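Colleague: model this:
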Amino acid sequence: MDYKKSNKVERKSLVSLSVYNCGAQKCPPSYVWGPGVRDHYLIHYIVSGKGTFCAEDVQYPLEAGDCFLARPGQKIWYRADIRSPWEYVWVGFAGADAAAIVTATDFSPEEPVLKALPYGAELQERLLAVSAAYGNTFAHSIAMTGALYSALSVLVAHSHKEDLPMGRDVVLTRRAISYIDGHYALNISVDDIAGFVGLSRSQLFRLFRDNLNTSPKQYLENYRAQRACLLLKETDLPIRVISASVGIEDATYFSKLFKKAVGVSPIRKKGEERCPLPLSLFPLSLRFCRGSLQRLPHPAPPCSSDGAAGWRPASLASPGQRTTQGPDPACSRRLRQGQCALPA
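Modeller: The predicted model follows:
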């Protein structure tokens, strides 16, 4: 009997490696996907049956025990056999670690398929574990990513390649992402990111295009929109304060950027269901004071709710990082009501 169990992940909270989709399917005869292009890596392991995978106009006949990889930006299609249609499990993923991990497997741009895997049952089990961990909370994201790392480790462990040192591009990509993660709440630009990494704007663009399949500007805008989305759902802060909290002083420009990235305006998004991801995980460049907000030169340490006792510095602060006591409940109330103003 044909079936399809597909899980699409809307909230991709982790930048190192995130699951985009996962599932399993028993295809009907001649079922086809594409031609099309994905914006992430996509691995299929064939459990039974036969089919054909085509990448960049090269066709690969496949059967049970085989595995194929589609790369971001690559033109592909795949079709089930008419007489013995295949059943497969799959996972789609992307992130700063994705390219390095895929490079360490036996997959290559010239050979996107692996035939007759002797460890196929183990790979299938671990790919199914990704789907078993599916959910829409931050805890689910961590569980899915953990299961994905486990599945990819099977491909790396059985690779015929020698252990590869971390490439320069991977190091630079991680450095750029780390800078954005620590400074997005400040008024940083692509030039700031390029300067921190030690590249020109054009070199940084090629780095992001090749490793993340996006531009530095688009990545920064999407990152800010994602953090703003969480603030809209988790807090009662006015939109102008949320805009400043993610490094955008112009609330009108922020609204345009947010709608472009998320698809709806900040006002509409604010009325949707609350986000389960704790606000305390995100460092803001705003220090809460009694009745006012003060801009810091660097992101302030995250804080977590401590009930009626007010707010306290979270344990996530780095060793030696300076922390400040958060507001009392009265200040929190004024902040939620929009009575605390940002300094000019």
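
Colleague: Show me where the chain has its helices.
Modeller: 98-103, 120-132, 138-157, 168-183, 190-197, 201-212, 216-234, 239-245, 251-262, 266-270, 329-336 (DSSP state H).

Colleague: Now do the contacts for Thr145.
Modeller: 14, 16-19 (C-beta atoms under 8 Å, 6 or more residues apart in numbering). Bear in mind the C-beta positions are built from the backbone N, C-alpha and C, glycine included.

Colleague: where does the stretch 201-344 of the chain dip in pLDDT?
Modeller: 271-344 (pLDDT under 70).

Colleague: Let's see that with 90 instead.
Modeller: Applying pLDDT under 90 to the stretch 201-344 of the chain flags the ranges 207-214, 222-223, 225-237, 257-344.

Colleague: Could you do the stretch 1-150 of the chain as well?
Modeller: Residues of the stretch 1-150 of the chain that meet the cut-off, pLDDT under 90, sit at 1-18, 34, 39, 56, 72-74, 94-101, 103-104, 109, 135-141.

Colleague: hmm, back to that, including distance to Pro109 and neighbour count, could the contacts of Thr145 go into JSON lines?
Modeller: JSON lines is the format used below for those (distance: C-beta to C-beta, whole Å; neighbours: other C-beta atoms under 10 Å):
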{"residue": "Leu14", "distance to Pro109": "26", "neighbour count": "16"}
{"residue": "Ser16", "distance to Pro109": "23", "neighbour count": "12"}
{"residue": "Leu17", "distance to Pro109": "20", "neighbour count": "20"}
{"residue": "Ser18", "distance to Pro109": "22", "neighbour count": "22"}
{"residue": "Val19", "distance to Pro109": "23", "neighbour count": "27"}
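
Colleague: so which pair among those is furthest apart in space?
Modeller: Of all pairs drawn from these, the widest gap by C-beta to C-beta lies between Ser16 and Val19 and measures 12.0 Å.

Colleague: Quickly note the distance from Ala24 to Asp2.
Modeller: Using C-beta to C-beta, to the nearest Å, one gets 12 Å for the distance from Ala24 to Asp2.

Colleague: Looking at those two, which is more packed in?
Modeller: Ala24 (19 against 12; other C-beta atoms under 10 Å).

Colleague: Next up, the contacts around the closest residue to the more buried one other than its chain neighbours.
Modeller: Spatial nearest neighbour of Ala24, chain neighbours left out: Val89 (4.5 Å); criterion: C-beta to C-beta, 6 or more residues apart in numbering. The contact partners of Val89, by C-beta under 8 Å, 6+ apart, come to 23-24, 44-45, 47, 124, 127-128, 131.

Colleague: and those, which are buried?
Modeller: Buried by 16 or more other C-beta atoms under 10 Å: 23-24, 44-45, 47, 124, 127-128, 131, out of those.

Colleague: Out of the residues you listed, flag the one nearest to Arg79.
Modeller: His44 (12.2 Å).

Colleague: partner residues bridging that closest one?
Modeller: Beta bridges link His44 to Phe68, Trp90, judged by DSSP bridges.

Colleague: Count the neighbours of Ile267 for me.
Modeller: Count around Ile267 with other C-beta under 10 Å applied: 12.

Colleague: What is the burial count for the closest residue to it other than its chain neighbours?
Modeller: Among residues not flanking Ile267 along the chain, Ile239 sits closest, at 7.0 Å (C-beta to C-beta, 6+ apart). Neighbourhood size, Ile239 [other C-beta under 10 Å]: 20.

Colleague: just the one 5 residues further on next, same as before
Modeller: Burial measure for Ala244: 23 neighbouring residues, criterion other C-beta under 10 Å.

Colleague: Distance-wise, check it relative to Arg168.
Modeller: 36 Å.

Colleague: For Asp250, grab the count of nearby residues.
Modeller: 12.

Colleague: ok, for it, nearest residue in space, not its chain neighbours?
Modeller: Per C-beta to C-beta, 6+ apart, closest to Asp250 is Ser243, 7.3 Å.

Colleague: Same check on Ile242?
Modeller: With C-beta to C-beta, 6+ apart, the residue lying closest to Ile242 is Leu231, at 4.7 Å.

Colleague: I'd like to know how far the one you found sits from Val241.
Modeller: Shown here: Leu231 relative to Val241, a distance of 9 Å by C-beta to C-beta.

Colleague: quick one: contacts for the closest residue to Tyr3 other than its chain neighbours?
Modeller: Of all residues beyond its chain neighbours, the one nearest Tyr3 is Lys26 (5.1 Å), with distances taken as C-beta to C-beta, 6+ apart. Going by C-beta under 8 Å, 6+ apart, Lys26 touches 1-4, 85, 87.

Colleague: for those, which one is nearest Gln218?
Modeller: Among the contacts of Lys26, and counting by C-beta to C-beta, the member closest to Gln218 is Lys4, at 31.3 Å.

Colleague: and the spatially most distant residue from the centre of the chain, what does it touch?
Modeller: Most distant from the centre of the chain: Arg83, at 38.5 Å, with distances by C-alpha atoms, centre = their mean. Counting by C-beta under 8 Å, 6+ apart, Arg83 touches 29, 50.

Colleague: With that, I have no additional questions.
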